[in-house]
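> predicted model and sequence follow; I will ask about them next.
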Amino acid sequence: MSRVYCCACQLPHATCLCAHVHPQPCPMPIIIYQHPLEAKHAKSTVPLLRLGLPNIGIEVGEQLTPPTALKAGDWWLLYPDANAVDLDKLCSKQLRAIFSENTQSKSVQEKNLQAKKQIGGLIVLDGTWRKTRLLLHLNPWLMDLPKLTFSQAPKSGYAIRKGPGGQALSTLESVSHVLNRLCPEFLTAPLHALLAARVRQFQVQSTPATSTDTTKN
């Protein structure tokens with residue numbers, strides 16, 4: 001007998017997440033370029049992002065379509081490149097400049113604010129590190145984009161999957177962190193709660209059933 005799927009979250013009715021979905025508008029344009037193998041992975045968090053941020057763009061493939069130009073600002077690639085702007089350091093400098101006098105030169109403040117204003121949209125690569133590097137190789141136009149990274153993300157709750165160096169930060173958590181840094185009014189809790197619900201489902205599935213045999217010898 002085939003499984004029945006929820007028409008809203010596209011998951012089997014037994015694992016429906018609709019009760020945990022609280023959609024909100026994405027405060028800036030975002031396109032997620034997803035490797036085809038990652039799109040088939042049951043533990044991918046991109047479907048959760050689509051539920052929580054319905055207006056994001058998602059494209060699956062290896063040969064990717066460059067996005068159209070934005071009316072304001074530029075597309076930035078979220079990727080840990082050596083020349084990437086560290087969003088967390090950028091924001092902390094601006095906060096110190098706001099609350100402490102004479103801690104930064106005006107030119108540095110203006111440079112930081114200008115860099116932040118230029119971020120009109122975000123491009124995110126979804127896949128293993130090996131697959132995202134492949135996407136960069138197959139789509140050299142991505143390397144021409146200004147790059148954004150971060151260094152002070154909260155601890156990951158993505159306990160069901162690990163990266164090369166241990167527990168990995170999921171695409172959902174990365175996007176949530178960046179949006180909160182760029183738009184402090186953006187609420188990260190709904191996305192984190194949705195991820196936590198999905199993680200619990202996988203943890204329950206992987207927990208061995210305890211024996212209920214009470215037969216005495």
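Structure's in. What do you need?

> could you use CA atoms for every contact and neighbour count after this?
OK.

> got any ranges where this protein has weak pLDDT?
1, 91-117, 158-168, 206-217 (pLDDT under 70).

> one more pass at 90, please.
Low-confidence segments of the chain, defined by pLDDT under 90: 1-3, 5, 10-15, 41-44, 70-74, 81-120, 129, 151-170, 181-184, 199-217.

> strands paired with the longest strand anywhere in it, and their directions?
Counting residues, the longest strand in the chain under DSSP state E turns out to be strand 119-126. Note on strand 119-126: by DSSP bridges, its sheet partners are strand 30-34 (parallel), strand 74-78 (parallel).

> could you export the ones you listed as JSON lines, including distance to C9?
Shown next, in JSON lines, are the strands paired with strand 119-126 (distance: least, Cα to Cα, whole Å):
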{"stretch": "strand 30-34", "distance to C9": "18"}
{"stretch": "strand 74-78", "distance to C9": "26"}
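
> got CSV for the ones you listed, with mean neighbour count and distance to F186 too?
Compiled in CSV, the strands paired with strand 119-126 are given as follows (neighbours: other Cα atoms under 10 Å; distance: least, Cα to Cα, whole Å):
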stretch, mean neighbour count, distance to F186
strand 30-34, 21, 14
strand 74-78, 21, 18
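
> so which of these is nearest P12?
P12 lies closest to strand 30-34 among the strands paired with strand 119-126, at 22.5 Å (Cα to Cα).

> run the chain-centre distance for the biggest helix by length in the chain.
Longest helix in the chain by number of residues (criterion: DSSP state H): helix 189-206. Distance of helix 189-206 from its chain centroid, counting by Cα atoms, centre = their mean, to the nearest Å, is 15 Å.

> list the buried residues for it?
Across helix 189-206, burial judged by 16 or more other Cα atoms under 10 Å covers 190-192, 194-195, 197-199.

> repeat for stretch 5-23
Buried positions in stretch 5-23, judged by neighbour count with 16+ other Cα under 10 Å: 9, 11, 16-17, 20-21.

> also stretch 57-66?
For stretch 57-66, burial by neighbour count (16+ other Cα under 10 Å) applies to 58, 62, 64.

> how about those residues in TSV, adding distance to I123 and secondary structure?
Output for these, formatted as TSV (distance: Cα to Cα, whole Å; DSSP: H, G, I helix; E, B strand; the rest coil):
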residue	distance to I123	secondary structure
I58	10	strand
E62	15	coil
L64	12	coil
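
> now render those as a markdown table, adding distance to L77.
Below are the buried residues of stretch 57-66 laid out as a markdown table (distance: Cα to Cα, whole Å):
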| residue | distance to L77 |
| --- | --- |
| I58 | 14 |
| E62 | 16 |
| L64 | 14 |
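
> still on that earlier bit, and the contacts of the longest helix of the chain?
Residues outside helix 189-206 that contact it (Cα atoms under 8 Å, 6 or more residues apart in numbering) are 15, 17, 20-23, 45, 48-49, 52, 157-160, 172-173, 176.

> contacts only, for V85.
Shown in contact with V85 (Cα under 8 Å, 6+ apart): 147-150.

> sort out which one of those lies nearest T128 for me.
Among the contacts of V85, T149 lies closest to T128 (Cα to Cα), at 16.8 Å.

> mind listing the helices for this structure?
Using DSSP H, the helices of the chain run over residues 36-39, 46-52, 87-99, 106-117, 129-138, 171-182, 189-206.
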